[in-house]
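K.L.:
The sequence and its predicted three-dimensional model are supplied below.
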Amino acid sequence: MVFTLAVRIIANRESAEEVTIDVFHDLWRKAFGYDPADGSVLGWIMNQARCRAIDRVRFEKRKKRNNTYPDSLLPTTDIVDPQQATIFKEESGRLETALDELTPHERHAIEAAFFSELTYAEVAQRLNQPLGTVKTRIRSGPEQTSRRTWKEEAR
């Protein structure tokens, strides 16, 4: 049932097989999180499968977009409008500043997830770290940067 749902959502057999494996792996690790008050086991499993399949579809769409990010974070095409070029340069500077404030572990996880457009599971595999650790670093990095910026502005 999980595989069938994944195939219907993703429309790709190989990706659906990967999603099915990922779903059952996560279910095995998170079985303690099931609460009978929230519905049946089958409903819980199918919801996990649905969410994972939708994530895969989104990931595949992102992958199809141009995925070249030079070190300087400059655009891959020339910006003709000077105002747009200025805005892009300012935003790139802010992004570099924010990335510089992260710990190396947070920065590696965030760059892999957003600039390489990897899923959290793929980032965890690439960095050889537990999935939960990667998720925490990706979530905590921007929070820590925001707190530091807020404290500096308050001074």
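P.N.:
Now that the structure is in, tell me what you want to look at.

K.L.:
Going by C-alpha atoms from here, please, whenever you check contacts or count neighbours.
P.N.:
Will do.

K.L.:
tally of neighbours for Ser40?
P.N.:
12 (other CA atoms under 10 Å).

K.L.:
Against Phe3, how distant is it?
P.N.:
19 Å (CA to CA, to the nearest Å).

K.L.:
do the same with Glu101
P.N.:
42 Å.

K.L.:
Give me the more crowded residue out of the two.
P.N.:
Ranked by neighbour count (other CA under 10 Å), Glu101 and Phe3 place Phe3 first, with 20 against 17.

K.L.:
Quick check, Ala112 in contact with Leu118.
P.N.:
Yes - under the criterion of CA atoms under 8 Å, Ala112 makes contact with Leu118 at 6.2 Å.

K.L.:
now the protein, which segments are flagged as low pLDDT?
P.N.:
65-81, 84-85, 88, 117, 141-155 (pLDDT under 70).

K.L.:
what about Glu17, how many neighbours?
P.N.:
By other CA under 10 Å, the burial measure for Glu17, its neighbour count, is 16.

K.L.:
and the residue nearest to it when sequence neighbours are not counted, what element?
P.N.:
The shortest distance from Glu17 to any non-neighbouring residue, by CA to CA, 6 or more residues apart in numbering, is to Phe3 (6.6 Å). If you go by DSSP states H and E, Phe3 is part of helix 2-10.

K.L.:
Quick check: next helix or strand after that helix?
P.N.:
Downstream of helix 2-10 (by DSSP H and E), the next one is helix 13-29.

K.L.:
Mind giving me the packing neighbours of that following helix?
P.N.:
Judged by 3 or more CA pairs under 8 Å, 6 or more residues apart in numbering; DSSP states H and E, the packing partners of helix 13-29 are helix 2-10, helix 41-64.
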